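1. here's a sequence, model it:
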Amino acid sequence: MTWRSDVAELLAGVGIVDVDVDDALADEHVRSAAYQRVVSVTAASRSRDRDRAIVATILRDPHEMASKTAVVALVDRIATHVSGPAAFRQWSAELLPEIERFTAEGHRDFIRRRIDDWLFHLSVEDGHVPTPVELAKVTCWMQRVLAERSTSPEVLALLAASGCSKKVRNIAKDRAGIRRLRTR
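-> Reported below is the predicted structural model:
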């Protein structure tokens, strides 16, 4: 297969027919936008059967930043749609061999870290209250996501006390309602 046929098949496979394949091949921005549409359609599907093949095709893109961005978007979207940490762990385990195709180690590490962050988030949503040590192992990005989305008073209190940044701590304090009024 050629790169052109890969892109054409990727787009057609999810029903995107209004993107000119030659334009997408010539312009990484057009291709990147098309990948985001592919990710959107893929994540909205109830079936996860084609995800690994779609990621494999995207990872054949000679411009790794475009493919990394698309894969991260897919990871993020799937994480918000799965039924829990076990389902996400299984789904991500099937993708990890594809992730190893990145030549840039930083891209592989970033995606692995994003998967770990989402596994942490999903376990918290499932009722796990992390320790300060566990919290320190997730990225500041995930701590902020938790501070903005968690409804657990225990998790918000932990973030308010041990969050990685002042911003995370303040968001958690505001959401937990534990902010003290300043007196002059």
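2. only C-alpha atoms for contact and neighbour calcs from this point on.
-> OK.
3. tell me where this structure is predicted with low confidence.
-> Scanning the chain with the threshold set as pLDDT under 70 gives 179-184.
4. what residue lies at the spatial centre of the chain?
-> The centroid of the chain falls nearest to D76 when counting by C-alpha atoms, centre = their mean (2.5 Å).
5. and the gap between it and V145?
-> As defined by C-alpha to C-alpha, to the nearest Å, D76 lies at a distance of 12 Å from V145.
6. could you do P62 as well?
-> 32 Å.
7. which neighbours do D76 and V145 share?
-> Any residue near both D76 and V145 by C-alpha atoms under 8 Å, 6 or more residues apart in numbering counts here, and not one turns up.
8. higher neighbour count, P62 and V145?
-> V145 (16 against 11; other C-alpha atoms under 10 Å).
9. check which helix or strand covers that one.
-> Element membership of V145, judged by DSSP states H and E, is helix 140-149.
10. which residues are in contact with that helix?
-> Residues from elsewhere that reach helix 140-149 (C-alpha under 8 Å, 6+ apart): 117-118, 121, 135, 156, 159, 163-165, 167-169, 171-172, 175.
11. and it, what's buried?
-> Within helix 140-149, the residues that qualify as buried are 140, 142-147, counting by 16 or more other C-alpha atoms under 10 Å.
12. in a markdown table, list these along with distance to A44.
-> Below are these laid out as a markdown table (distance: C-alpha to C-alpha, whole Å):
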| residue | distance to A44 |
| --- | --- |
| C140 | 27 |
| M142 | 23 |
| Q143 | 26 |
| R144 | 25 |
| V145 | 21 |
| L146 | 23 |
| A147 | 26 |
